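Participant: Predicted model follows, preceded by the sequence.
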Amino acid sequence: MTGVTNEARPASMLSAIWAARYRTPARFVALIALLLPWTTTGLIFALVPWLIAFAFVDLQKFPRSLLRPVCLLPIALVVLAAVGTLWSDAPWPERIHAIGPAAKLLVIPLLIYQFERWPYGHWVFSAFLASCALLMLYSFAVAIDPNASLKLYLSRGPYKVESGIAVRNYIDQSQEFALCALALVYPIVTLFRQGRVRIAALFAVLAIGFLANMMFIVVSRTALVTLPVLVVVFALLHLRWRAALIAAGAMALLAASLWTVSPHLRATVAKFGGDYDTSIVGNDVSGMGSRLEYWRKSAQFIAAAPLIGHGTGSIRGLFAGVAEDADVDPLRGEVVSNPHNQTLSVAVQWGVVGILVLYALWFAHLLMFRGEGLACCIGLLVVVQNMLSSLLNTHLFDFTSGWIYVLGVGVAGGMALAVKKTQS
């Protein structure tokens, strides 16, 4: 008996040492998730010690792990951005600066490697959920007293319609709240089935709070477009067909009720038509109308260099080259460095080659989350939300939404791959 215990002890000690080596880096990742909804600077300061801590972890198998498509494709997109500087006509500072938005994707392989071996990503998910819950309560407080906002120019200035904004902007806030509300559905259903009603009810209250904030305080049109699709995807993949039909009926009833009682929701939807009139009829700058103009010009730029594009950082110079007099035609006189569409942003700079890499990346990450479990649910929602919202924005390259993608895919991907290894 003693001999068995003594033989088992070294194995258990090695296991404990192995877990401890990954525990410190994972805590920094949780800190990054905690800071993400609130601050950009704080996130960078938390990222540096995580990279240093990660460097001291045993990396013997790390180079081999990079050969998988889920790790290789993010690297390929960054390499393409770096190589694309060679045929760009933009000034070199703009070329170098344009690599930055894609560079964050290099973190995905590191996270996948780490959380395959230390599968406690629920620390990261819990940190992000707690941070967003606090932000949601703060947003309600700012809606009551705009002076409490850390961005007063949004709360009581010319953009007073966004008075629920606490720290960032309504697009980022809506993305975070929509993701949290939908990601909570899986644990709510699981906990109810397990008879853990109190915790399930607490999560349900949080989900309702996120949705209520979006419907009555402030919401982006991007979130309104993507939210119904995300609900359908979740229902089809994680609910039986009867439950999916019931959920669809409940969502339709809820949407009709919210449309009746929420003036804010009706006003947000009405902006689509208002933007069209402003830009197409009045020939002035507006949210959706300007996007249509950006897309029209971007299509012309792509047609001029379809294979490898115009190079990294070339977008602003291209728009400047075709801009009309802004005093005469404000809409066609805009000069931007972001066409507000991820596919167009990639295609203008790197052509068909860039599009193939981008869509291969999304597809590989979608395949990684086939299966059941919280990690697969969260990872799938993150990828689908990013793909849908990237129709109206460059959310893979934007700061907050891009880091949500990096953390969600990296952490959930590592956990999902670890589960599949144990099952195979």
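Facilitator: Structure received. Remember, it's a predicted structure, so these values are computed and weren't measured experimentally. Numbering: from 1, shown residues only.

Participant: Going C-terminal from the lowest-mean-pLDDT helix or strand in the chain, what's the next secondary structure element?
Facilitator: Within the chain, no helix or strand scores below helix 152-155, which has a mean of 54 by mean pLDDT, DSSP states H and E. Using DSSP states H and E, the helix or strand that follows helix 152-155 in sequence is helix 170-183.

Participant: which is the next helix or strand following that following helix?
Facilitator: Next along from helix 170-183, by DSSP H and E: helix 185-193.

Participant: next structured bit after that following helix?
Facilitator: Note on helix 185-193: by DSSP H and E, the next helix or strand toward the C-terminus is helix 197-216.

Participant: Which positions in that following helix come out as buried?
Facilitator: 200, 203-204, 206-207, 209-216 (16 or more other C-beta atoms under 10 Å). C-beta: built from backbone N, CA, C; applies to glycine.

Participant: Next: stretch 356-375.
Facilitator: Buried residues in stretch 356-375 (16+ other C-beta under 10 Å): Val357, Leu358, Leu361, Trp362, Ala364, His365, Met368, Phe369, Gly373, Leu374, Ala375.

Participant: For Val411, state which of these is nearest.
Facilitator: Among the buried residues of stretch 356-375, Ala375 lies closest to Val411 (C-beta to C-beta), at 8.0 Å.

Participant: so the closest one, which of the three states?
Facilitator: Following DSSP: H, G, I helix; E, B strand; the rest coil, Ala375 is assigned to helix.

Participant: For it, give me its contacts.
Facilitator: Taking C-beta atoms under 8 Å, 6 or more residues apart in numbering, we find Ala375 in contact with Gly121, Phe369, Val411, Ala412, Gly413, Met415, Ala416, Val419.

Participant: how does it look with 6 Å?
Facilitator: Ala412, Met415, Ala416 (C-beta atoms under 6 Å, 6 or more residues apart in numbering).

Participant: Grab the nearest non-local neighbour of it.
Facilitator: Once flanking residues are discounted, Ala375 sits nearest to Met415: 3.8 Å by C-beta to C-beta, 6 or more residues apart in numbering.

Participant: can you pull the contacts of that neighbour?
Facilitator: Here Met415 is in contact with Phe115, Pro119, Gly121, Ala375 (criterion: C-beta under 6 Å, 6+ apart).

Participant: Buried ones only from these, please, as a ChimeraX command.
Facilitator: The ChimeraX selection below is limited to those of the contacts of Met415 classed as buried (16+ other C-beta under 10 Å):
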select :115,119,121,375
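
Participant: returning to what we had before: format the contacts of Ala375 as JSON lines; extra columns: pLDDT and distance to Ser390.
Facilitator: Shown next, in JSON lines, are the contacts of Ala375 (pLDDT from 0 to 100; distance: C-beta to C-beta, whole Å):
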{"residue": "Ala412", "pLDDT": "94", "distance to Ser390": "19"}
{"residue": "Met415", "pLDDT": "92", "distance to Ser390": "24"}
{"residue": "Ala416", "pLDDT": "92", "distance to Ser390": "22"}
